[in-house]
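Novice: Sequence and computational prediction follow.
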Amino acid sequence: MKLVKIKEDLYLNSDFIESVEADGKESVIITMTSGAIFSPNVSIKKVLDAISGSEEHVIEYKDAESYRQDRKIIKNPY
């Protein structure tokens, strides 16, 4: 599983991104293999950098359990 940080509150598994389209200068449309569509207000360059592996955007997990544990920490920091 390779999660990429698209914006502060949006992380996506790059393995399931089907397409990325520019929708203006600071907006993109991201289509997932499941059919889900995201329209974050970020530049297409930032999204493509995140997907291609720019270090500032990548979070890698070796297994699903590690991801779930981190997810709890993020949702409930205290």
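Specialist: Now that the structure is in, tell me what you want to look at.
Novice: measure stretch 14-34 end to end?
Specialist: The first residue of stretch 14-34 is 13 Å away from its last residue (CA to CA, to the nearest Å).
Novice: List the contacts of it.
Specialist: Stretch 14-34 is contacted by residues 1-4, 6, 12, 37-44, 47-48, 50-51 when judged by CB atoms under 8 Å, 6 or more residues apart in numbering. From N, CA and C alone the C-beta is placed, and that goes for glycine too.
Novice: Pull up the per-residue confidence for residue 49.
Specialist: On pLDDT, residue 49 comes in at 85.
Novice: any idea how far it lies from residue 22?
Specialist: Taking CB to CB, to the nearest Å as the measure, residue 49 falls 14 Å from residue 22.
Novice: coming back round to it: next step: the contacts of stretch 14-34 restricted to helices.
Specialist: Using DSSP state H, the subset of the contacts of stretch 14-34 located in helices is 44, 47, 48, 50, 51.
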